[in-house]
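Enquirer: Pasting the sequence and the predicted coordinates here, then a few questions.
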Amino acid sequence: MTAKTIYYLITVLELYIFSVGACIYIMRYETLSPKAAKLYKIIISVDIILSSLFLIKYFTMDNKNVHNYVSTSLDITIVIWILEVIIIAFKGISNTTKPVQRESFDLKEEFLTEENVKICYSQRKKENNFKGTIVFMHPDYYKSDLNGRVWYQNKRKKRLLGHIGKYDEISDFFVRAGYHTLRYDHSDIETQIPIQPVLQTINKVLKERNSGRVIVFCAGNINDFIGEIVEGLNPTEFICIGITNRDTLNYINRLKERMPIFIGDFGDDPYCNVKNENAIHFENTDFTFCVRGKRKLKKYGRSADNEGIIDVGALEVIKGWLI
């Protein structure tokens, strides 16, 4: 076998490996549409099959014809590789979810890390007085990030569980209304983290930064831990949204005798015409929230579109209630 033949052989395999690697990288680190993700899986499968057939024939054919076979295979592989690169680049750009631009020029954000809990503390720049601190308690708190996305571990790979809303944008709304906000993130921890260490870290930050009201903003099933939250943070007011358990609702209604509590529910409201037949509705709530885009029930939880779930009109109602 000549050196030229070996070079052609290695080049063919490198092209297939590069194509497969590019697809795996994009699928792992980019948010893609289902069609784009499926296309990448097809490309990976095709490359594996073609490279396997190439090697099988290479090791089973007559040595006299090896050079011509490898040379022809290289020409074909280059054409296939160019087409795949074009498809990968085009689909990667057109089907990647683009983040919504935040208007954060007048905001000040500090990121603190302690005991595996990342804290984002936000306020307006050059601000001396504030009305209080709003703490966002994420649903499925043990795998949530700063924007409200929820994760779970599957075979050592982090997968998206659900999306309860973009807390960075909701945070910006309340910061501009004169409040400080606190969000936390420990989605990178592989094991489930108890709520107590999270509350301890939050409480420590509040004691250092807050000298006024502490308003806790709960969404989804984190409301089921409201007893621990009351004991751990000692808030002055509560905002409870998307309660999924009637016993929890009854407990929250009893808490209304001790502190002001705003109860919100997902569903149809005057601000939009979105229908959500799968939503759980409770009577005697303070306000019904609009859902931007259709919410779909997935295997592991609820999800929402990338614009978030809470309509500005609903946030205005909460702001009016806080004042």
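Expert: On my side now, so go ahead. In this text, all values refer to a predicted model and were calculated from it rather than measured experimentally.
Enquirer: roughly how far apart are the nearest residue to A177 once chain neighbours are set aside and Y179?
Expert: Take A177 and drop its neighbours on the chain: the residue closest to it by C-beta to C-beta, 6 or more residues apart in numbering is K319, 5.1 Å away. For the C-beta atoms, the positions are set from N, CA and C on the backbone; glycine is no exception. As judged by C-beta to C-beta, to the nearest Å, K319 and Y179 stand 9 Å apart.
Enquirer: So those two - more neighbours on which side?
Expert: Applying other C-beta atoms under 10 Å to K319 and Y179 shows that Y179 carries more neighbours, namely 22 against 15.
Enquirer: so who does that one touch?
Expert: 130-134, 215, 322 (C-beta atoms under 8 Å, 6 or more residues apart in numbering).
Enquirer: Just the buried residues of those.
Expert: Buried by 16 or more other C-beta atoms under 10 Å: 130, 132-134, 215, 322, out of those.
Enquirer: Model confidence score at the residue of the chain positioned farthest from its centre, please.
Expert: Taking C-alpha atoms, centre = their mean, the residue of the chain most remote from its mean C-alpha position is K64, at 56.4 Å. pLDDT recorded at K64 is 76.
Enquirer: so where's the stretch 1-150 of the chain shaky on pLDDT?
Expert: 1, 28-34, 91-105, 140-143, 148-150 (pLDDT under 70).
Enquirer: all strands in this protein, in order from the N-terminus.
Expert: 107-114, 117-124, 133-137, 149-154, 157-163, 180-185, 214-219, 237-241, 261-266, 287-289, 296-298, 301-303 (DSSP state E).
Enquirer: Next one: N147 relative to F18, how far apart?
Expert: 33 Å.
Enquirer: ok, now R246?
Expert: As judged by C-beta to C-beta, R246 and F18 stand 56 Å apart.
Enquirer: For the two, work out which one has more neighbours and name it.
Expert: Neighbour totals were compared for R246 and F18, and F18 leads with 14 against 10 (other C-beta under 10 Å).
Enquirer: How about the contacts made by the closest residue to I241 other than its chain neighbours?
Expert: Nearest residue to I241 in three dimensions, chain neighbours excluded: G264, at 4.1 Å (C-beta to C-beta, 6+ apart). The contact partners of G264, by C-beta under 8 Å, 6+ apart, come to 239-242, 285-289, 314, 318.
Enquirer: Can you pick out the most distant pair from those?
Expert: Farthest-apart pair in the contacts of G264 is I239 and T288; separation 14.3 Å (C-beta to C-beta).
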